[in-house]
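Participant: Sequence first, then the predicted structure:
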Amino acid sequence: MKKIGFLSFGHWTPSPQSATRSAADALLQSIDLAVAAEELGADGAYFRVHHFARQLSSPYALLAAIGAKTRAIEIGTGVIDMRYENPLYMAENASAADLISGGRLQLGISRGSPEQVIDGWRYFGYQPAEGETDADMARRHTEELLDALRGEGFAKPNPQPMFPNPPGLLRPEPFSEGLRERIWWGAGSNATAVWAAKLGMNLQSSTLKDDETGEPFHIQQAQQIRAYRAAWKEAGHSRTPRVSVSRSIFALMDSRDRAYFGTGREDSDKIGFLDEKTRAIFGRSYAAEPDKLIQQLKQDEAIAEADTLLLTVPNQLGVDYNIHVIDSILQHVAPEMGWRD
């Protein structure tokens, strides 16, 4: 059994070919898709966060809105770039969204990925400390966030406050109990997966990672997950961690599906460079009739290792079509894979 959700990048463009032509479209359609996915029985609605791009960028308002309009589905991110974040303000925003949803927030964070502008986090007022890289800064922000989400007071109260204070040192408010255990790290390498395990974060692994062995993507990703779980066990955490992988998976059910995804152009891994030093491997997409799709997915070692599968959806094709994409997997693939009754 697996939890199955969707992951949307929230792209929008004014092109007549797009069903998502404005930022308002992207936000409102995201809410509609989450509500519809819950009705289908999907387990999660996750959203990518990018800055300086025609994509979703400010997740907390969106997550809170979805939390207010749904009752059961998990809501989350995959991922928030921690180079851009004020950890204490983030703790307030995330806690508020979590409380509105009744404790359903699954917050995916990371050091970020190549972006639309050069060092965009500098425009947000952040820069690495002396001797730090931007990745170091992201991890520092992450550790500060995790500390804040423990709920322990650290700020000295004003002796003459405007309103009465509780006793002792103060913490950011609101505080949401349990959110600390629902933070996920988007790891691009085996080493950062191990680091996340030591800090007690769940693991998100996407459709790309550092090419560390030259093996097929799903094998490298499975190795990453196993390294993470071994580090988690060694750290002695008391709870069982969660692990998600994301995939582009399309069951070819009708002529629309075949027109959009039946070409087979993305049915193998790709190699690229995230920067001049980082060779990355990009995982293949899956698109086939359900019986063939099931056989292909059974060979994916990383999907087998994960407890949560996030289906990346083509949001610019519109809510109705994406509902069809999700429903096709839930009805025609998941039961045969043993992911659903």
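Facilitator: Thanks, I have it. Residues are numbered from 1 along each chain as shown.
Participant: the helices in this structure, which residues?
Facilitator: 23-40, 59-69, 87-101, 134-148, 190-198, 217-235, 255-261, 290-297, 301-305, 319-332, 334-337 (DSSP state H).
Participant: I'd like the ones you listed as CSV, with distance to Tyr123, mean neighbour count and mean pLDDT appended.
Facilitator: Heads up, the C-betas are built off the backbone N, CA and C, glycines and all. CSV is the format used below for the helices of the chain (distance: least, Cβ to Cβ, whole Å; neighbours: other Cβ atoms under 10 Å; pLDDT from 0 to 100):
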stretch, distance to Tyr123, mean neighbour count, mean pLDDT
helix 23-40, 19, 19, 98
helix 59-69, 18, 20, 98
helix 87-101, 17, 21, 98
helix 134-148, 13, 18, 97
helix 190-198, 25, 20, 97
helix 217-235, 32, 19, 98
helix 255-261, 36, 15, 96
helix 290-297, 41, 16, 97
helix 301-305, 35, 19, 98
helix 319-332, 32, 19, 98
helix 334-337, 42, 16, 97
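Participant: possible to save those helices as CSV with distance to Pro241?
Facilitator: Formatted as CSV, these follow (distance: least, Cβ to Cβ, whole Å):
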stretch, distance to Pro241
helix 23-40, 24
helix 59-69, 22
helix 87-101, 19
helix 134-148, 14
helix 190-198, 7
helix 217-235, 5
helix 255-261, 33
helix 290-297, 23
helix 301-305, 12
helix 319-332, 25
helix 334-337, 22
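Participant: For Asp81, find the nearest of those.
Facilitator: Closest to Asp81 of the helices of the chain is helix 134-148 (Cβ to Cβ; 7.2 Å).
Participant: Next, the angle from that closest one to helix 87-101.
Facilitator: Inter-element angle recorded for helix 134-148 and helix 87-101: 50 degrees (by axes from the mean of the first three to the mean of the last three Cα atoms, to 10 degrees).
Participant: So which residue is smack in the middle of the chain?
Facilitator: Note on the chain: the residue nearest the mean C-alpha position is Gly78, at 1.6 Å, using Cα atoms, centre = their mean.
Participant: ok, that one - contacts?
Facilitator: Leu7, Tyr46, Phe47, Arg48, Gly108, Trp184, Gly186, Gln204, Ser206, Ser244, Ser246, Leu310 (Cβ atoms under 8 Å, 6 or more residues apart in numbering).
Participant: now Ala34
Facilitator: Contacts of Ala34 by Cβ under 8 Å, 6+ apart are Ala45, Ile66, Lys69, Thr70, Ile73, Ile75.
Participant: quick one: which of the helices of the chain is nearest Gln160?
Facilitator: Nearest to Gln160 among those is helix 87-101 (22.8 Å), distances taken as Cβ to Cβ.
Participant: Tell me the helices and strands packed up against that closest one.
Facilitator: helix 59-69, strand 105-110, helix 134-148 (3 or more Cβ pairs under 8 Å, 6 or more residues apart in numbering; DSSP states H and E).
Participant: go again using 10 Å as the cut-off
Facilitator: Here helix 87-101 is seen to pack against helix 59-69, strand 74-77, strand 105-110, helix 134-148 when contacts are counted using 3 or more Cβ pairs under 10 Å, 6 or more residues apart in numbering; DSSP states H and E.
Participant: now these as CSV including distance to Ile303?
Facilitator: Below are the helices and strands packed on helix 87-101 laid out as CSV (distance: least, Cβ to Cβ, whole Å):
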stretch, distance to Ile303
helix 59-69, 26
strand 74-77, 18
strand 105-110, 18
helix 134-148, 27
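Participant: With Gln17 as the reference, name the closest of the helices of the chain.
Facilitator: Per Cβ to Cβ, nearest to Gln17 of the helices of the chain: helix 255-261, 12.1 Å.
Participant: Need the residues that contact that closest one.
Facilitator: Outside helix 255-261, the residues within contact range by Cβ atoms under 10 Å, 6 or more residues apart in numbering are 248-252, 262, 285-289, 314, 317, 321, 324-325, 328.
Participant: related to what we said a few turns ago, among the helices of the chain, which comes closest to Val117?
Facilitator: Ranking the helices of the chain by proximity to Val117 (Cβ to Cβ) places helix 134-148 first, at 13.0 Å.
Participant: Tell me what angle that closest one forms with strand 105-110.
Facilitator: Using the same axes, to 10 degrees, helix 134-148 lies at 150 degrees relative to strand 105-110.
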